[in-house]
Structures are given as C-alpha cells and as structure tokens.
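Engineer: Here's a sequence, model it:
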Amino acid sequence: MRDVVLCGDSEGSFGEFARRLGFADVLPVFSSMQAARQSVQKGKGVIVPAEKIAQAKKEGLMVFAHASREAIERGADVVFGFEKLGGRDKMHYRDSGLNQVLCRLAAQKGVAIGFSFADVLSVQGAQRAVLLGRMMQNIRLCRKFKVAVRLGSFASSPKGMRGREDLISLFCSVGFSRSEVLAGFR
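Structural biologist: Now for the predicted structure:
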C-alpha cells in the first residue's frame with residue numbers, strides 16, 4: 001500500500017515516516033514539474049493546472065489535478081477535491097461537486113477520483129459533517145458508474161500523515177468496502 005503525500009518542492013522524510021505508520025511506500029506529489037524532474041524517486045506525481053496536463057504526461061509523470069471538468073476532459077490521472085467545490089447543499093440532495101455526467105466522463109477517460117484525508121482534518125464541527133456527507137455521496141456515484149478511486153492522506157507534512165489502519169477505518173466508515181479501500185491505495 002502506498003500513501004499519497006503532497007510534498008511541495010522537496011521529498012523530505014515522508015518515506016521513512018510512512019514505513020513507521022505501516023505503508024510500504026509513499027507516492028510523492030510535487031507542486032512543480034521542475035521539482036518532480038529533479039527527484040530521483042521513480043513513480044512520482046505532480047499537481048498541475050488543467051492546461052498543463054498534456055505537458056506533464058509527456059514527461060512520464062503521474063498527473064494530479066484539482067477538481068474541475070476540464071481536468072477530467074484532458075485526462076489527468078487523478079482529480080481530487082470535489083467535496084470542497086460544492087456550494088450550499090440543497091433541500092433534497094447534496095451539492096458534492098461530482099455528478100453523473102462527470103462520473104461517466106471520468107470512467108471513459110480512465111481518470112481516478114481522489115479522496116483526501118487531509119480535507120477531513122482541515123475542517124471541524126458541522127463543516128466536517130457536511131464534508132463527510134459529500135464524500136459519501138461521491139463514493140456512491142463512483143461505485144455506480146465504476147469510476148476508479150485513489151485514496152490517501154494527501155498530507156503536506158509528515159505530521160499530517162496517519163497510520164495505515166486509521167485511514168482504512170475512516171474510508172470504510174464513509175462507505176467504501178475494505179477491498180475497495182485496499183485497491184484505492186494501490
């Protein structure tokens with residue numbers, strides 16, 4: 001199992017910390033293509049705006065993008081953060097940022113939807129309850145339309161990382177089965 005971490009411009013000590021927490025390795029996601037190029041580790045990712053997805057794919061990097069329809073259409077490997085996109089929830093449904101049109105498009109393009117534990121940690125109280133409800137909604141949509149998912153802590157520092165079993169437990173409690181969680185950490 002590999003955890004996804006947002007390491008900015010340098011890898012730091014994420015790998016060592018991840019092994020102590022029960023992960024085999026980490027997938028470092030850099031904030032710039034230059035930093036990703038300079039990294040010696042294989043299997044690294046980069047967060048890019050939707051306009052630069054093709055350029056990053058040419059360089060052989062795993063492409064992560066913030067939630068948008070354009071990122072899905074351009075074929076990013078993982079698009080994350082849909083839960084934070086939605087405005088105010090409606091009376092009869094949640095505005096979770098993801099819908100059936102985006103799910104079908106993601107399934108066709110082979111784009112995985114990312115679920116971030118750091119998003120859950122960054123909010124408190126009623127906002128956390130709304131965010132978890134939106135995650136549940138997006139999980140149902142991804143399952144219904146057979147969209148691949150990518151799970152991770154998405155921590156920006158080693159202190160933001162959590163243990164392997166803690167992440168499995170959280171994602172199981174919001175609607176994933178254990179086998180789906182283990183597949184999401186691939």
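
Engineer: all strands for the chain, in order.
Structural biologist: Assigned by DSSP state E, the chain shows strands spanning 2-8, 25-30, 45-47, 62-66, 78-80, 112-116, 149-152.

Engineer: what pairs with the fourth one, and is each one parallel or antiparallel?
Structural biologist: Which is strand 62-66. Looking at strand 62-66 with DSSP bridges, its partner strands are strand 45-47 (parallel), strand 78-80 (parallel).

Engineer: Please list the outside residues in contact with that strand.
Structural biologist: 27, 29, 43-50, 53, 56-57, 71, 75-81, 114 (Cβ atoms under 8 Å, 6 or more residues apart in numbering). Glycine gets a C-beta too; all of them are placed from N, C-alpha and C.

Engineer: buried stuff in the worst-scoring helix or strand of the chain on mean pLDDT?
Structural biologist: Lowest on mean pLDDT, DSSP states H and E among the helices and strands of the chain sits helix 33-38, with a mean of 73. The neighbour-count check on helix 33-38 (16 or more other Cβ atoms under 10 Å) flags 33, 35, 36 as buried.

Engineer: And the pLDDT for the spatially most central residue of the chain?
Structural biologist: Nearest residue to the geometric centre of the chain (Cα atoms, centre = their mean): residue 114, 2.8 Å. Listed pLDDT for residue 114 reads 95.

Engineer: isn't residue 3 right next to residue 23, touching?
Structural biologist: Yes. Residue 3 is in contact with residue 23 according to Cβ atoms under 8 Å; the separation is 4.7 Å.

Engineer: list the residues that contact both of these two?
Structural biologist: By Cβ under 8 Å, 6+ apart, the residues touching both residue 3 and residue 23 are residue 164.

Engineer: out of those two, which sits in the busier spot?
Structural biologist: Higher neighbour count among residue 3 and residue 23: residue 3, with 28 against 23, using other Cβ atoms under 10 Å.

Engineer: any idea how far the residue lying farthest from the centre of the chain lies from residue 112?
Structural biologist: The centre of the chain is farthest from one residue, residue 91, which by Cα atoms, centre = their mean lies 27.8 Å away. Distance of residue 91 to residue 112, given as Cβ to Cβ, to the nearest Å: 31 Å.

Engineer: Low-confidence ranges, the chain, go.
Structural biologist: Across the chain, the ranges flagged by pLDDT under 70 are 39-42.

Engineer: still on that earlier bit, the residue nearest to the centre of the chain: what's it in contact with?
Structural biologist: Per Cβ under 8 Å, 6+ apart, neighbours of residue 114: 4, 64, 78, 79, 80, 81, 149, 150, 151, 152, 154.

Engineer: Output those residues in a markdown table; the columns should cover distance to residue 175 and neighbour count.
Structural biologist: Compiled in a markdown table, the contacts of residue 114 are given as follows (distance: Cβ to Cβ, whole Å; neighbours: other Cβ atoms under 10 Å):
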| residue | distance to residue 175 | neighbour count |
| --- | --- | --- |
| 4 | 19 | 26 |
| 64 | 22 | 28 |
| 78 | 19 | 22 |
| 79 | 19 | 29 |
| 80 | 17 | 27 |
| 81 | 18 | 18 |
| 149 | 11 | 22 |
| 150 | 16 | 25 |
| 151 | 12 | 27 |
| 152 | 17 | 27 |
| 154 | 18 | 24 |
